[in-house]
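1. Quick one, what's the 3D model for this:
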Amino acid sequence: MDHGNMHDMPPPSTPSMMKNGSMNGGGGHHKMMMMHMTFFWGKNTEVLFSGWPGTSSGMYALCLIFVFFLAVVTEWLAHSSLLRGTTGDSANPVSGLGQTAVYTLRTGLAYLVMLAVMSFNAGVFLAALAGHAIGFMLFGSRTFRNPSGDQKTNDPPASVGGRP
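-> I've put the predicted structure just below:
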């Protein structure tokens with residue numbers, strides 16, 4: 001078999017072979033978008049939706065804020081009492097359905113953050129990382145938790161035997 005003439009064929013990713021997402025050539029003009037497979041810096045990227053945020057700096061900033069808040073809300077849902085429920089509600093089917101709905105929402109948001117990071121844009125990655133960190137600090141760590149009634153406080157112990 002002679003493979004010597006294969007150098008005349010265009011690679012499969014050229015617009016002459018792929019237009020409108022098909023290999024048959026399709027009709028009309030189609031702009032090809034390069035997909036990064038390594039991290040890169042820059043505002044010209046696509047995140048979650050085709051053409052978004054585009055080439056505008058303002059839309060890129062909005063994209064970073066959106067990904068940040070997606071990650072914060074994901075952490076809030078992961079650490080909220082909505083998922084844990086109360087011990088008295090464990091056999092209640094309505095409570096179980098509510099917990100399932102919140103869990104499904106949290107999982108969907110986590111997948112959206114993952115897909116945004118898969119744009120390989122370093123700014124989007126850092127926004128997601130910062131959102132998860134801030135969300136955990138606010139809702140998951142002990143930093144901002146109110147002490148409950150059964151936890152010890154910083155009050156000095158009561159004196160024994162009436163002595164100060």
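2. Kindly provide the whole-number mean pLDDT of the strand or helix carrying Met137.
-> Assigned by DSSP states H and E, Met137 falls within helix 122-139. In this model, helix 122-139 carries a mean pLDDT of 96.
3. ok, now stretch 66-73?
-> Stretch 66-73 carries an average pLDDT of 97.
4. quick one: buried residues of that stretch?
-> Along stretch 66-73, the positions that meet the burial threshold by neighbour count (16 or more other C-beta atoms under 10 Å) are Phe66, Val67, Phe68, Leu70, Ala71, Val72, Val73. From N, CA and C alone the C-beta is placed, and that goes for glycine too.
5. now swap in stretch 101-114 and tell me
-> Buried positions in stretch 101-114, judged by neighbour count with 16+ other C-beta under 10 Å: Val102, Arg106, Leu109, Ala110, Leu112, Val113.
6. Count the neighbours of Ala116 for me.
-> A count of neighbours around Ala116, defined by other C-beta atoms under 10 Å, yields 22.
7. re earlier: mind checking which of the buried residues of stretch 66-73 are in strands?
-> Using DSSP state E, no member of the buried residues of stretch 66-73 falls in strands.
8. Looking at those, spot the one nearest Ser95.
-> Comparing those against Ser95 with C-beta to C-beta picks out Val73 as the nearest, at 21.7 Å.
9. Surely Ala71 is in contact with Phe136?
-> No - with contacts defined as C-beta atoms under 8 Å, Ala71 does not count as touching Phe136, sitting 9.5 Å away.
10. does Ala61 belong to a helix or a strand, and which?
-> Under the criterion of DSSP H and E, Ala61 resides in helix 57-79.
11. Need the three-state assignment for the closest residue to Met137 other than its chain neighbours.
-> Ranked by C-beta to C-beta, 6 or more residues apart in numbering and with sequence neighbours excluded, the top spatial neighbour of Met137 is Thr143, at 5.7 Å. Using DSSP: H, G, I helix; E, B strand; the rest coil as the criterion, the local structure at Thr143 reads coil.
12. Thr143 contacts Ala133, correct?
-> No - counting by C-beta under 8 Å, no contact exists between Thr143 and Ala133, whose distance comes to 11.7 Å.
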